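S.K.: Predicted coordinates and the sequence they were generated for:
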Amino acid sequence: MTHPAATSAPGRLALAERFLHYAPAPESRSIVDIRPAYGLFIDGAFVEGDGERFSTINPADEKVLAEVTSANAADVDRAVVAARRASERVWSATPGTERAKYLFRIARLIQERGRELAVLETLDNGKPIKESRDFDVPAAAAHFFYYAGWADKLEYAGYGPTVRPRGVVGQVIPWNFPLLMLAWKIAPALATGNTVVLKPAETTPLSALLFAEICQQADLPPGVVNILTGAGETGRLLVEHEGIDKVAFTGSTQVGKAIARAIAGTGTGLTLELGGKAANIVYDDAPIDETVEGIVNGIFFNQGHVCCAGSRLLVQESIAEEVVERLQRRLSTLRLGDPLDKNTDIGAINSQAQLDRIRELTAAGEAEGAQRWSATCELPERGYWFAPTVFTDVSQAHRIASEEVFGPVLSVLTFRTPDEAIAKANNTPYGLSAGIWTDKGSRILWTADRLRAGVVWANTFNQFDPSSPFGGYKESGYGREGGRHGLEPYLALATEVDAA
Ligand code: NAP
Ligand code: MG
């Protein structure tokens, strides 16, 4: 029998509020043993660095998790020398079949220590445990499994029979997917016979330090992987070090450009994975319920700290009102709070600096005349939080339509014709990703053909697979990571070898 209250919409909502109450379900943090202080991982061992210490905090409560070391110039030098030695004496001469075994072992250890990694990632980053547990950690393991498969087949990858590693690779990664970005960087580098010096982001160093332990556990030869913690200056020292043969960077366009300028003319290889401002295009024939779920996944996954987030919703005018209304209703059901709670959908913003940036850009959105709507949810007193927010009446000139917010903020624009959708979608300095929602396959192909974006998702969003290349156009960077294409930047190809 239908409950009388369930026959009206407000009644249904009140009922849902009464019965769909979630009791707290926190994941235990006892599985993780966080040390009070960490050194640097150089040449297979944790060593004291020469630089200063800084603390990494849990952005959900602002409590200090551990002290870590800021690697200085002497530390960077030590790590690069260790990586060079490992490259020349051990790793480049290790057959692909053997390298594959190490990668495979690392992948298995990531799985075995999956809960530990997930809890640690959530503590250090602020992302919901259900995301670190069900996405970040399995995807990181999958990358190592995938590239383990390539290690002994490089001569069949389409880059000629005489492929060689480049040598020593310097890698710098951001804070939004600390372990996964590490996997994207380290797995293809090791598979192709390179050695690595990697710097995680200042606010999220802990999963990289646990990964260093995993390298020890896997008996990886000393010096093959080196982890240097530190801030931007450590990253700069690393990428500009003359002992580095190739740089792989993921982060902001601004820093990417500075790196490109700094190493121009040195012969050092460079791939850049930078920011984005993706258009998520919804045609009037799209299945609305699925589309709303896709929009939510596109921009509110990982608090919107996603370079390829669907941050610009382009919706066909005739259905715009309905889509926005359903979207707001759906957002009102998202649970924001303790990232370690298994029911949490929206975790903490990673840092005070990022929260300030989100606040600045959303204030600019209001000042410029866009309509702001934020989900009503209680924000915890301590920590960095931002409620899911949607801007309507957004014009292309608004800052929230062109600049990357990198937070849980969606800008909604409308269009009347497919041509207008394409023009608006491509009207951005970025070109990392895009989404298309429609009932018609032909319309998907027509649209995808015209979008200047490295990845285009159709009737889905934010899907990743290690076998699929990922990368941008324009200010989103250059080079591809993932798949067969992801091997190329780590190989000295025959033409380059001849020229050298
Ligand atoms: P960021 O400031 O560029 O930082 C990225 C990394 O570079 C961090 O490890 C950072 O150290 C380091 N760094 C800073 N200055 C440096 C320098 N002069 N030389 C070398 N390294 C330096 O970016 P973020 O704010 O951490 O991350 C957010 C940005 O990354 C967003 O714009 C997002 O779109 C982009 N992103 C892109 C992708 C992609 O695949 N395309 C993926 C994720 C994120 P600190 O930690 O000390 O700042
Ligand atoms: Mg932290």
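M.R.: Noted; the coordinates are in hand. Ligands and ions are numbered 1, 2, ... in the order given.
S.K.: make it CA atoms for all contacts and neighbour counts henceforth
M.R.: Noted.
S.K.: How about the secondary structure of the residue lying closest to Leu109 once chain neighbours are set aside?
M.R.: Nearest residue to Leu109, sequence neighbours excluded (C-alpha to C-alpha, 6 or more residues apart in numbering): Ile214, at 6.7 Å. Look at Ile214: counting by DSSP: H, G, I helix; E, B strand; the rest coil, its state is helix.
S.K.: Likewise for Ala353?
M.R.: Here Ala353 is helix, with the state taken from three-state DSSP.
S.K.: Could you report the neighbour count for it?
M.R.: 11 (other C-alpha atoms under 10 Å).
S.K.: cool, Ala157 as well?
M.R.: Ala157 has 14 nearby residues by other C-alpha under 10 Å.
S.K.: tell me the contacts of it?
M.R.: The neighbours of Ala157, taking C-alpha atoms under 8 Å, 6 or more residues apart in numbering as the test, are Arg484.
S.K.: excluding its backbone neighbours, what's nearest Glu368?
M.R.: His398 (6.5 Å).
S.K.: any idea how far ligand 1 is from the residue nearest to Leu109?
M.R.: As defined by C-alpha to the nearest ligand atom, to the nearest Å, Ile214 lies at a distance of 21 Å from ligand 1.
S.K.: From what I see, that residue and Arg108 are in contact.
M.R.: No: using C-alpha atoms under 8 Å, Ile214 is not in contact with Arg108, being 10.0 Å away.
S.K.: residues near the residue nearest to Glu368, how many?
M.R.: 18.
S.K.: now it: how far from Thr362?
M.R.: In this structure, His398 and Thr362 are 11 Å apart, going by C-alpha to C-alpha, to the nearest Å.
S.K.: Show me what from the chain comes close to ligand 2.
M.R.: With the criterion set to C-alpha under 5 Å from the ion, the chain comes near ligand 2 through Thr56, Ile57, Asp124, Thr203, Thr204.
S.K.: So which of these sit within strands?
M.R.: When strands are assigned by DSSP state E, the members of the residues of the chain next to ligand 2 inside them are Thr56, Ile57.
S.K.: buried subset of the residues of the chain next to ligand 2?
M.R.: Applying a neighbour-count criterion of 16 or more other C-alpha atoms under 10 Å, the buried members of the residues of the chain next to ligand 2 are Thr56, Ile57, Asp124, Thr203, Thr204.
S.K.: My guess is the fourth one contacts Ile57. True?
M.R.: Yes: the pair Thr203 and Ile57 qualifies as a contact (C-alpha under 8 Å) at a distance of 7.2 Å.
S.K.: anything in contact with each of those two?
M.R.: When C-alpha under 8 Å, 6+ apart defines a contact, the residues bordering Thr203 and Ile57 alike are Asp124.
S.K.: Let me see the ranges of the helices in the stretch 101-250 of the chain.
M.R.: All helices of the stretch 101-250 of the chain, identified by DSSP state H, counting those that start in this stretch, fall at 114-125, 129-131, 137-150, 178-191, 206-217, 232-239.
S.K.: Mind giving me the packing neighbours of the shortest one?
M.R.: Other helices and strands packing on helix 129-131, by 3 or more C-alpha pairs under 8 Å, 6 or more residues apart in numbering; DSSP states H and E, are helix 114-125.
S.K.: Could you do the third one as well?
M.R.: When contacts are defined as 3+ C-alpha pairs under 8 Å, 6+ apart, helix 137-150 packs onto helix 96-112, helix 114-125, helix 178-191.
S.K.: Tell me which of these lies nearest to Thr438.
M.R.: Ranking the helices and strands packed on helix 137-150 by distance to Thr438, with C-alpha to C-alpha as the measure, places helix 178-191 first at 30.7 Å.
S.K.: Put the alpha carbons of that closest one into CSV.
M.R.: Provided in CSV are the C-alpha atoms of helix 178-191 (Å, rounded to 0.1, in the frame of the first residue of the first chain):
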residue,chain,number,x,y,z
PRO,A,178,48.3,11.0,-5.6
LEU,A,179,48.7,7.2,-5.9
LEU,A,180,47.1,6.9,-9.3
MET,A,181,49.2,9.7,-10.8
LEU,A,182,52.2,7.9,-9.4
ALA,A,183,51.1,4.7,-11.1
TRP,A,184,50.5,6.5,-14.4
LYS,A,185,54.0,7.8,-14.3
ILE,A,186,56.1,5.0,-12.8
ALA,A,187,54.5,1.9,-14.5
PRO,A,188,55.3,2.9,-18.1
ALA,A,189,58.7,4.3,-17.1
LEU,A,190,59.8,1.0,-15.5
ALA,A,191,58.3,-1.2,-18.2
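S.K.: quick revisit: TSV for the residues of the chain next to ligand 2, including pLDDT?
M.R.: Formatted as TSV, the entries for the residues of the chain next to ligand 2 read as follows, by pLDDT from 0 to 100:
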residue	pLDDT
Thr56	98
Ile57	98
Asp124	98
Thr203	98
Thr204	98
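S.K.: Show me the two of the residues of the chain next to ligand 2 that sit farthest apart.
M.R.: Farthest pair in the residues of the chain next to ligand 2 (C-alpha to C-alpha) is Ile57 and Thr204. Separation: 8.5 Å.
S.K.: where do the contact lists of those two overlap?
M.R.: Between them, Ile57 and Thr204 share the neighbouring residues Asp124, with contact defined by C-alpha under 8 Å, 6+ apart.
S.K.: which of the residues of the chain next to ligand 2 lies closest to ligand 1?
M.R.: Within the set of the residues of the chain next to ligand 2, Thr203 lies nearest ligand 1; the separation is 6.0 Å, counting by C-alpha to the nearest ligand atom.
S.K.: follow-up on the earlier one: can I get the helices of the stretch 101-250 of the chain in TSV with distance to Gly265?
M.R.: Putting those into TSV (distance: least, C-alpha to C-alpha, whole Å) gives the following:
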stretch	distance to Gly265
helix 114-125	36
helix 129-131	41
helix 137-150	30
helix 178-191	23
helix 206-217	31
helix 232-239	14
